[in-house]
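In: Here is my input; please provide its structure:
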Amino acid sequence: MTWIWIILAFLGLVLVYDLCQKKHAILRNFPIIGHFRYILEAIGPELRQYIVTDNDEERPFTRDQRRWIYATSKKQNEYFGFGTDNDLEQTPNYILIKHSSFPLNRPINSPDYPIPCAKVLGQHRNRRRAFRMPSVVNASAMSYGSLSAAATEAINRGCALSGALHNTGEGGVSRHHQHGADLIWQIGTGYFGCRNRDGGFDLSVFRDTI
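Out: Numbers count the residues shown, from 1 in each chain. I've put the predicted structure just below:
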């Protein structure tokens, strides 16, 4: 009998707490039994993983999206890890590039083994100077200034050896970009390398740089 009274007293305290607290509407409307909702929510990832659905399958908003909204609205930790629970190998529209312990041997008659880009830039609109990029892998935009002179030069020399294109970034073309690789001159809103004293675009300066 003692344990029964202890359990009833405990449930009575929980009942009073649920009715008096103002943080959770579920507990206020459904005292005691409302706690099962949070218990099921806590073990929900395991249930969905092995029984029901994944965290990104529900619609219109996935469990991951709703969890972020709930945490943000309550000023809790809303950060997610960089990992993923998606099945990337079985889901379409994901491109996976894996290393190979036994890669394909290069052809003996072609030690460089170039992999040109499949798309011809300018071909769709019949541009007079349409061209195919010699490499499918190129160096993306990293401006000199954000990178050191040595780093910029090293990237350019590496692109020259591999036949890749080197994107200058919005910082403009510097002497450290001029070590043999073909360049993609990225012109941003600052017009670095092709602007006048007022900061606007200057065609003559642009031509001189080219």
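
In: Quick check: which ranges of the protein have low pLDDT?
Out: For the chain, the stretches flagged by pLDDT under 70 are 48-52, 106-113.

In: In stretch 13-25, which residues are buried?
Out: Of the residues in stretch 13-25, Asp18 count as buried by neighbour count, 16 or more other C-beta atoms under 10 Å. (Each C-beta comes from the backbone N, C-alpha and C, glycine too.)

In: Mind listing residues that contact it?
Out: Where contact means C-beta atoms under 8 Å, 6 or more residues apart in numbering, the residues beyond stretch 13-25 that reach it are 27-28, 31-32, 34-35.

In: wait, which of those is closest to Ala9?
Out: Lowest distance from Ala9 to the contacts of stretch 13-25 (C-beta to C-beta) belongs to Ile32, with 13.2 Å.

In: Verify the stated contact: that closest one with Leu11.
Out: Yes - counting by C-beta atoms under 8 Å, Ile32 does reach Leu11; the two are 6.2 Å apart.

In: so what are the domain limits for the protein?
Out: Per automatic domain parsing, the domain ranges recorded for the chain read 2-73, 120-209.

In: Check the gap between Leu19 and Cys194 for me.
Out: Leu19 sits 71 Å away from Cys194, going by C-beta to C-beta, to the nearest Å.

In: Mind telling me what element the one residue sitting closest to the centre of the chain is part of?
Out: For the chain, the residue nearest the mean C-alpha position is Phe82 (9.0 Å; C-alpha atoms, centre = their mean). Phe82 belongs to no helix or strand when assigned by DSSP states H and E.

In: returning to that earlier point: of the domains of the chain, which is nearest Gln90?
Out: Closest to Gln90 of the domains of the chain is domain 2-73 (C-beta to C-beta; 11.7 Å).

In: Which stretches in the protein count as strands?
Out: Using DSSP state E, the strands found in the chain span residues 120-121, 131-132, 166-167, 183-184.

In: Can you lay out those as a markdown table showing distance to Pro103?
Out: What follows is these, written out as a markdown table (distance: least, C-beta to C-beta, whole Å):
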| stretch | distance to Pro103 |
| --- | --- |
| strand 120-121 | 28 |
| strand 131-132 | 25 |
| strand 166-167 | 26 |
| strand 183-184 | 29 |
